[in-house]
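1. generate coordinates for the sequence data below:
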Amino acid sequence: MGDRHPVSLAIVHMLPDLSAQHGFALGPALSRAGIPDVQDIHAGAVVARAQMCTLLQAAARQAGAPLFGFALAGAARPDALGLMGRALFSGRTPRESLSAHARSMPAIQSGVKLSVERVGDRAIWRHHMEDSDLGHASVLNDGVAGFMTGVFRALLGADAALEIGLPHRPQVAPHRYEDALQAPVTFSGGTLSFTFDAALLDRPSALPGPLRDLPLPPERRLDASDHVPGDERLLQCLPLIFESAALAGTLSLADAARTLGFSPRSLQRRLEALGLTFEYLVDEWRRGEAQRYLSQTGLPVASIAHALGYSHPAHFIRAFRRWERATPLAYRRNAGRACA
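-> Numbers count the residues shown, from 1 in each chain. All right, here's what the predicted structure looks like:
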């Protein structure tokens, strides 16, 4: 099963500004995730969590920053997170704030299990994303870890000793995580965790929130139907995924399904209900793009083949003959004469 749990893009509200600071265009990363426009982030649109993970992985690669999640955390604004951001500092004690945070989580993201457990004189807070691929979600988990490090230090005190467990394997030398978080870090536990002195749970918060006396009525909860794209949206998303996946050499049903949080069979069934197949859509996309490249650009045939996800130009030429009953170069010559 893919990670189809709905999540609001408000969680990555800082991404447009960060992409500008790191000097890369956000468009390719959005396309890789099947998200049409940066306005979806500004509007807090709801997508599958798999799409958000794909978006953050692509952005981290473009930024050349394996620890990009910590940059996301550093630029996050609690006020941009709606009820969840308010809840983080709403309690008189850390326990109350963490409880309010857990109650508010479904308003911005579903499929998250939050818990606080006392083991002897230690307290362990856990954050687990259900149905999530740990490698695929590593940037998102790093972002949560970095953000919650700041939250815990605000609630428990700046000098509170934290031990942090990341669910995934380290992407760089472990000491770089510890330098970034200023705490001991362990890896591959399957669940994000923070361990600290249990006595701090019920002491007055080091930084009481200004909204602590306000009631926290539940906002609309995200449910399984919130992120499921309608037919029109699905057919809008897929060409965006095709374009970026083709350049990366990963264009396939499995890749597109993973990006959208479907199993390959589920995506195929959605398309079959529309009288379509994945293979047909890819073929039509390639044909349209090939015509555009040949008639509007001077790109070599080999470069066009690469842009369309073919492993060898000969495969592209064979497909183009099937479409147009002509070679790519002959088509380009005819297109040039038609425009003359």
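2. list the contacts of stretch 55-68.
-> 12, 15, 18-19, 22, 24-26, 28-30, 32-33, 35, 69, 71-72, 136, 138-140, 142-143, 171-172, 176-177, 180, 244 (C-beta atoms under 8 Å, 6 or more residues apart in numbering). In short, each C-beta sits where N, CA and C put it, glycine included.
3. report the contact partners of A137.
-> Here A137 is in contact with D3, R49, C53, M129, P167, H168 (C-beta under 8 Å, 6+ apart).
4. what helices and strands are in contact with the strand or helix carrying A330?
-> Here A330, judged by DSSP states H and E, is contained in helix 328-339. Contact here means 3 or more C-beta pairs under 8 Å, 6 or more residues apart in numbering; DSSP states H and E; on that basis helix 328-339 packs against helix 278-296, helix 301-307, helix 313-324.
5. residues touching that helix, excluding its own?
-> With contact meaning C-beta under 8 Å, 6+ apart, helix 328-339 is reached by A290, Q291, L294, S295, V301, I304, F316, I317, F320, E324, A326.
6. tell me the SS of the spatially most central residue of the chain?
-> Note on the chain: the residue nearest the mean C-alpha position is M52, at 1.9 Å, using C-alpha atoms, centre = their mean. Classification of M52 using DSSP: H, G, I helix; E, B strand; the rest coil returns helix.
7. how close does it sit to Y310?
-> 30 Å (C-beta to C-beta, to the nearest Å).
8. about what we covered before: with only the CA atoms kept, save the helix holding A330 in PDB.
-> Extracted in PDB, the C-alpha atoms of helix 328-339 (Å, rounded to 0.1, in the frame of the first residue of the first chain):
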ATOM      1  CA  PRO A 328      11.900  12.500 -36.600                       C
ATOM      2  CA  LEU A 329      14.200  14.300 -39.000                       C
ATOM      3  CA  ALA A 330      11.700  14.000 -41.900                       C
ATOM      4  CA  TYR A 331       9.000  15.300 -39.600                       C
ATOM      5  CA  ARG A 332      11.200  18.300 -38.600                       C
ATOM      6  CA  ARG A 333      11.900  19.100 -42.200                       C
ATOM      7  CA  ASN A 334       8.200  19.000 -43.100                       C
ATOM      8  CA  ALA A 335       7.300  21.200 -40.100                       C
ATOM      9  CA  GLY A 336       9.900  23.700 -41.100                       C
ATOM     10  CA  ARG A 337       8.600  23.900 -44.600                       C
ATOM     11  CA  ALA A 338       5.000  24.400 -43.300                       C
ATOM     12  CA  CYS A 339       6.100  27.300 -41.200                       C
END
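9. tell me the angle of it relative to helix 278-296?
-> Orientation of helix 328-339 against helix 278-296 (axes from the mean of the first three to the mean of the last three C-alpha atoms, to 10 degrees) gives an angle of 50 degrees.
10. what residues sit buried inside helix 328-339?
-> P328, Y331, R332 (16 or more other C-beta atoms under 10 Å).
11. and the first one, how far from A307?
-> With the distance defined as C-beta to C-beta, P328 ends up 12 Å from A307.
12. do the last one as well
-> In this structure, R332 lies at 15 Å from A307, with C-beta to C-beta as the measure.
13. domain parsing of the protein, as residue ranges.
-> As assigned by automatic domain parsing, the chain contains the domains 74-213, 231-339.
14. turn those into a markdown table, including mean pLDDT.
-> Below are the domains of the chain laid out as a markdown table (pLDDT from 0 to 100):
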| stretch | mean pLDDT |
| --- | --- |
| domain 74-213 | 92 |
| domain 231-339 | 92 |
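15. need the ones you listed in TSV with distance to A45, can you?
-> TSV is the format used below for these (distance: least, C-beta to C-beta, whole Å):
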stretch	distance to A45
domain 74-213	12
domain 231-339	10
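16. which among those is found nearest to Q39?
-> Nearest to Q39, of all the domains of the chain, is domain 231-339, at 13.6 Å by C-beta to C-beta.
17. gap between that closest one and the chain center?
-> Relative to the mean C-alpha coordinate of its chain, domain 231-339 is positioned 24 Å out (C-alpha atoms, centre = their mean, to the nearest Å).
18. tell me the SS of G275?
-> coil.
19. any idea how far it is from L238?
-> On the measure of C-beta to C-beta, G275 and L238 end up 15 Å apart.
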